[in-house]
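Student: what follows is a predicted structure for the sequence shown.
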Amino acid sequence: MSPTGIVLVVAARLALAGSLVPGVAAPGASAPGAPGPAPKGIARGDLDRAADPCTDFYEFANGAWRAANPIPAGTQRWSRRLAAREANREQLKALLAELAAGADRPRGSVEQLLGDHFAACMDEAAIDAAGVAPLAPLLAEIADVQAEAGSERIIRRLHELGVGAPFVVTGASDYHDPTSVIVNIAAGGLGLPDRDYYLGSEPRFVEARERYRAHVATVLALGGMPAAPARKAAEDILALETRLAEASLAPAAAADPAATAHKLTFAQLRAARFDWERYFAEAGLPRADVNVAEPAFLERVDRELQSTPVEVWRAYLAWQLLESASPWLGRPFAEESFAFRDKYLGGASEMKPRATRCLESTEALLGEPLGRKYAERYFPPAAKAKVEEMVRGLRAVLQEEIGGLSWMAPATRQEALAKLAAYEVKVGYPDSWADTSSLVIRRDAFWANVAAARRFGVDTDRRRVGQRVSREIWLLPPSSPDAYIDIQLNRMVLPAGFLQAPAFDLAASDAVNYGAIGIGVAHDLTHAIDALGADFDSKGQPRSWWTEPDRQAFQRLGQCVIDQHDGYFVEPGLHLQGRQVSGEAIGDLAGVRVAYRALERSMQGHPVPVIDGFTPAQQFFIAWGQYRGAAESIELQRQMVKGDPHAIAKYRVIGPLSNAPEFQPAFACKAGSAMVSPPERRCAVW
């Protein structure tokens, strides 16, 4: 998890319970008389017992797994974490198939919504037979547009369906008051990934525009437009989108919250040509302050609505509707969408199986109901309680370490402690579930289901405007195999689908869990108070609370990490870029130290036994090596060196561990071993 993570400790309570001869695990067993089943230890089968943990711990920890699990064709990386993602998808498909097979579910129940939506999606014959007919009423309304006011009316209709063209209107936290939700108006309606695709002169961009023009024409023709007019409309649409792209921000600027914070009063917004009064009235939005992310873009939309011929707007709006719906219409639409979006732009080799696509549709539209059923089956309350207990322990250790930092000014330290105290970690699933019982989902009308769920989502989002930011709103569903941090809102979200082995296993020992998810969580906690989080205070206000001497001290300490990673080679002549990966590498370094000490503390009340001959300390370090271990193609490694803020998997393991003073006694490594940094060269920041 990087948006996936405390401090000098002596391995007193984690001292060796028996030496581990490099490459050979000594026999051992759980503590005699321990109540309940013995906890699980590390994955013994992943170990390369011919490797010396003091020389190449990465090979020792997961070499056998990588040797037995080659990278699948068409991919560049494979790991236990990626295998867990696949397992997550299979669990969800099986769960949905089971729900779809059920009958007589109460209308509006979670089971009925999920089962009927999945069943409708899986009915390819009915979807193919319907063709474009489900869109016919709205397409006819678009065809009747005769003037600018008509185009604006269709824009409002599309927005009700979640189709953001030519701009996007959503509720978002106010940059200057992140506890409040205001209307945010952002650029949208561009069918290519970003402005460079429209304006760039490089061959790949020129080719992409040609492919896009042909793709637009094909989709319009599938929607019922004759071939020749479809080709002409595609030219006009590309020209319109190019003009809009000219007024849009570059990707880096568009992703910068500060660069896109432009608050206006509703009166200022209403001064535009676009009829915002009617838009807000129909949407039920309060006439309050709004944020316009890209004012120049919105001004260009105003001019285009006035100057671009209405027949071009008709074609553009029909295209936006068809493109948004294509993956969920009949086979010709779905295959054309895949050929351009996934295969040409995304590099996919083949279309995902129907069940996988139907799972993705269900998860995108009915994320909370699906997460609720997933958590019931795969993440019991005991798992949630255990992870929350670990988070409390990690936070407590990090707070102590901040209190003792010599390089941080006292005022800055107080800010850091306040921010860490306010930091929120959401585990598994929300404390309360949204009410979706009013949503109407049918087993025999797939596009109608998609449209209904989209409208439900849009309406829910609009009702949040003017309210305080809800801490129960997640950007990912609880079933997701991913996790995230929100720097401004000062929070971390760990969905149940992410908290599965090898990240977390309720049956595993504390040493294994602290060595995997514990390090990851501690890593991300430091992001709230490091150079990444220093631009937002504990309330999310955009305010730099580090002093310049603090920054300089952080950089001085971080130079050790930069130098260390500059010395790591992917292949002869190609080494990591230490400065590029330093932020994440410092997070890993802190994560190992914080998690180790938190494990020490937890063992005072919950001792960890020797398992399969491995001491708690050994379990902890091996767990990190197995959690982060991955088979990565040399091509991917070369790409990562060019721009990825993370080091390749090997060095994310050995980099922080070689700086951990507890590692040497854990594996009885001699001074001078590759995995033992001399005290004078040992890196430590937090």
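Tutor: That came through, no problem.

Student: mind giving me the domain split of this structure?
Tutor: For the chain, the domain assignment from automatic domain parsing gives the residue ranges 45-74+379-433+472-686, 135-350.

Student: could I get the average pLDDT for the shortest one?
Tutor: Looking back up the chat, that one is domain 135-350. The average pLDDT within domain 135-350 is 96.

Student: what sits closest to residue 612 if chain neighbours are left out?
Tutor: residue 41 (5.2 Å; C-beta to C-beta, 6 or more residues apart in numbering). Where you see a C-beta, it was placed from the backbone N, CA and C, and this is true even at glycine.

Student: that neighbour: neighbour count?
Tutor: For residue 41, the number of neighbouring residues by other C-beta atoms under 10 Å comes to 25.

Student: how about it, phi and psi?
Tutor: Listed backbone geometry of residue 41 is phi -100, psi -150, with angles given as degrees, to the nearest 10.

Student: same question, residue 666
Tutor: With angles defined as degrees, to the nearest 10, residue 666 shows backbone torsions of phi -60, psi -40.

Student: what comes up buried for stretch 183-197?
Tutor: 183-192, 194-197 (16 or more other C-beta atoms under 10 Å).

Student: what residues does the helix or strand residue 524 falls within touch?
Tutor: Taking DSSP states H and E as the definition, residue 524 sits inside helix 519-527. Helix 519-527 has contacts (C-beta atoms under 8 Å, 6 or more residues apart in numbering) with 1-6, 390-391, 394-395, 397-398, 420, 423, 425, 485, 487, 492, 494, 503, 533, 584, 586-588, 590-592, 594-595, 598, 624, 627, 686.

Student: buried ones in the helix or strand following that helix?
Tutor: Read in the C-terminal direction, the helix or strand following helix 519-527 is helix 548-566, with elements assigned using DSSP H and E. Buried residues in helix 548-566, counted by 16+ other C-beta under 10 Å: 550, 553-554, 558, 560-562, 564-565.

Student: do stretch 40-49 as well
Tutor: Neighbour-count burial for stretch 40-49, with 16+ other C-beta under 10 Å as criterion, is recorded at 40-43, 46-48.

Student: and of those residues, the nearest to residue 440?
Tutor: Nearest to residue 440 out of the buried residues of stretch 40-49 is residue 40 (C-beta to C-beta; 44.9 Å).

Student: just to revisit the earlier point, now for the residue nearest to residue 612: which residues touch it?
Tutor: Applying C-beta under 8 Å, 6+ apart as the definition, the contact partners of residue 41 turn out to be 508-509, 512, 611-612, 614, 619.

Student: who wins on neighbours among the residues you listed?
Tutor: Each of the contacts of residue 41 was scored by neighbour count (other C-beta under 10 Å); the top score is that of residue 512, with 32 neighbours.

Student: so what's it closest to, chain neighbours aside?
Tutor: Among residues not flanking residue 512 along the chain, residue 623 sits closest, at 4.4 Å (C-beta to C-beta, 6+ apart).

Student: you'd agree the one you found is in a strand?
Tutor: No. Counting by DSSP: H, G, I helix; E, B strand; the rest coil, residue 623 falls outside a strand, being helix.

Student: quick one, grab the pLDDT at it.
Tutor: Per-residue confidence at residue 623 stands at 98 (pLDDT).

Student: and it, how far from residue 510?
Tutor: Counting by C-beta to C-beta, to the nearest Å, the gap between residue 623 and residue 510 amounts to 10 Å.

Student: between these two, who's got more neighbours?
Tutor: Neighbour totals were compared for residue 623 and residue 510, and residue 623 leads with 29 against 23 (other C-beta under 10 Å).

Student: residue 185 is in what secondary structure piece?
Tutor: Residue-wise, residue 185 maps onto strand 177-187 under DSSP H and E.

Student: residues in contact with that strand?
Tutor: Surrounding strand 177-187, the residues in contact under the criterion C-beta under 8 Å, 6+ apart are 167-174, 244, 248-249, 254, 260, 263, 269, 285, 288-294, 297-298, 464-469, 488-489, 539-541.

Student: same check, this time on stretch 397-415
Tutor: Counting by C-beta under 8 Å, 6+ apart, stretch 397-415 makes contact with 6-7, 416-417, 420-421, 522, 525-526, 529, 537-538, 545-547, 549-550, 553-554, 556-557, 590, 593-594, 597-598, 601, 686, all of which sit outside it.

Student: now do the lengthiest helix in the chain against helix 519-527, angle only.
Tutor: For the chain, the helix with the greatest residue count under DSSP state H is helix 578-603. Regarding helix 578-603 and helix 519-527, their directions subtend 120 degrees when assessed with axes from the mean of the first three to the mean of the last three C-alpha atoms, to 10 degrees.

Student: quick one, helix 578-603 and helix 548-566 angle?
Tutor: Computed by the same axes, to 10 degrees, the angle between helix 578-603 and helix 548-566 is 100 degrees.

Student: name the residues of helix 578-603 that are buried.
Tutor: Neighbour-count burial for helix 578-603, counted by 16+ other C-beta under 10 Å, picks out 578, 580-600, 602-603.

Student: tell me, how many residues neighbour residue 312?
Tutor: Applying other C-beta under 10 Å, we find 18 other residues in the vicinity of residue 312.

Student: spatially nearest residue to it (excluding sequence neighbours)?
Tutor: Setting aside the residues directly before and after it, residue 312 is nearest to residue 236 in space (C-beta to C-beta, 6+ apart), at 4.5 Å.

Student: please, which helix or strand holds residue 171?
Tutor: For residue 171, the enclosing helix or strand under DSSP H and E is strand 167-174.

Student: packing partners of that strand?
Tutor: strand 177-187, helix 295-307, helix 446-464 (3 or more C-beta pairs under 8 Å, 6 or more residues apart in numbering; DSSP states H and E).

Student: can you give me how far the first one is from the chain middle?
Tutor: Right, strand 177-187. On the basis of C-alpha atoms, centre = their mean, to the nearest Å, strand 177-187 sits 21 Å off its chain's mean C-alpha point.

Student: pull out the buried residues from whichever strand or helix holds residue 230.
Tutor: Here residue 230 sits within helix 227-246, counting by DSSP H and E. Across helix 227-246, burial judged by 16+ other C-beta under 10 Å covers 230-234, 236-238, 240-245.

Student: just these now: which is nearest residue 215?
Tutor: Relative to residue 215, the closest of the buried residues of helix 227-246 is residue 234; by C-beta to C-beta it sits at 8.2 Å.

Student: do I have it right that that closest one meets residue 217?
Tutor: Yes. With contact defined as C-beta atoms under 8 Å, residue 234 reaches residue 217; the gap is 3.9 Å.

Student: okay, how far is it across stretch 434-451, tip to tip?
Tutor: From the first residue to the last, stretch 434-451 extends over 19 Å; the measure is C-alpha to C-alpha, to the nearest Å.

Student: what's next to it, contact-wise?
Tutor: Around stretch 434-451, the neighbours that count as contacts under C-beta under 8 Å, 6+ apart are 108-110, 112-113, 116-117, 119-121, 123, 126-127, 130, 134-135, 161, 325, 328-329, 361, 365-366, 368-369, 452-453, 456, 460, 472.

Student: please state the mean pLDDT value computed over that stretch.
Tutor: Stretch 434-451 shows a mean pLDDT of 96 in the predicted model.

Student: what of stretch 460-478?
Tutor: 93.

Student: buried residues in that stretch, which are they?
Tutor: Within stretch 460-478, the residues that qualify as buried by neighbour count (16+ other C-beta under 10 Å) are 461-462, 464-465, 469, 474, 476-478.

Student: I am finished for the moment; much appreciated.
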